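Q: Provided below are the primary sequence and the corresponding predicted coordinates.
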Amino acid sequence: MDALMLDGNAVAGLLQEVFAVEMTTAIETCNRCGATDPVGALYVFRGAGIVMRCPHCDNALVTIVKDSTRMWIGFAGIRTLQVTV
Ligand SMILES: [Zn+2]
């Protein structure tokens, strides 16, 4: 990890604003390398928005951009997301 990188737990509050289930323990499958990890274990980079990356292959799994009234969430790098209901 570099100094500007956090793990997925750093965006738990942001994800909780949108999803009704606990997201840090949700299991994602990377669409590039096939690895599965809890969202809380992903690498998080903050800049103009947030990019969550696969800790195995660096694939951009989730992108999040937020303004004062809306949030744009892209899941381009995730094959599946398993949540506990
Ligand atoms: Zn991967």
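A: Here it is on my side, so go on.

Q: next, the buried residues of the worst-scoring helix or strand of the chain on mean pLDDT.
A: Lowest by mean pLDDT, DSSP states H and E among the helices and strands of the chain is helix 12-18, with a mean of 85. Neighbour-count burial for helix 12-18 flags 14, 15 (criterion: 16 or more other Cβ atoms under 10 Å). Placement of C-beta: from N, CA and C, glycine included.

Q: and the following helix or strand past it, what does it pack against?
A: Going down the chain from helix 12-18, the next helix or strand is strand 27-30, by DSSP states H and E. Counting contacts by 3 or more Cβ pairs under 8 Å, 6 or more residues apart in numbering; DSSP states H and E, strand 27-30 packs against strand 36-38, strand 78-82.

Q: so what does the shortest one touch, helix or strand wise?
A: Counting contacts by 3+ Cβ pairs under 8 Å, 6+ apart, the secondary-structure elements packed against strand 36-38 are strand 27-30.

Q: got the helices and strands packed on strand 27-30 as JSON lines, with mean neighbour count columns?
A: Converted to JSON lines, the helices and strands packed on strand 27-30 look like this (neighbours: other Cβ atoms under 10 Å):
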{"stretch": "strand 36-38", "mean neighbour count": "16"}
{"stretch": "strand 78-82", "mean neighbour count": "14"}
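
Q: the ion: which of those strands is closest?
A: strand 36-38 (8.6 Å; Cβ to the ion).

Q: got a list of contacts for the closest one?
A: Strand 36-38 is contacted from outside by 8, 24, 25, 26, 27, 28, 29, 30, 54, 55, 56, using Cβ atoms under 8 Å, 6 or more residues apart in numbering.

Q: name the helices or strands packed onto the least confident helix or strand of the chain?
A: For helix 12-18, the elements it packs on are strand 71-74, judged by 3+ Cβ pairs under 8 Å, 6+ apart.

Q: what pLDDT, on average, does the strand it packs on get?
A: Looking at strand 71-74 alone, the average pLDDT works out to 94.

Q: could you dump that strand to PDB, C-alpha only?
A: Extracted in PDB, the C-alpha atoms of strand 71-74 (Å, rounded to 0.1, in the frame of the first residue of the first chain):
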ATOM      1  CA  MET A  71     -23.900   9.800  -6.300                       C
ATOM      2  CA  TRP A  72     -22.600   8.000  -9.400                       C
ATOM      3  CA  ILE A  73     -21.400   4.400  -8.800                       C
ATOM      4  CA  GLY A  74     -19.900   2.300 -11.500                       C
END
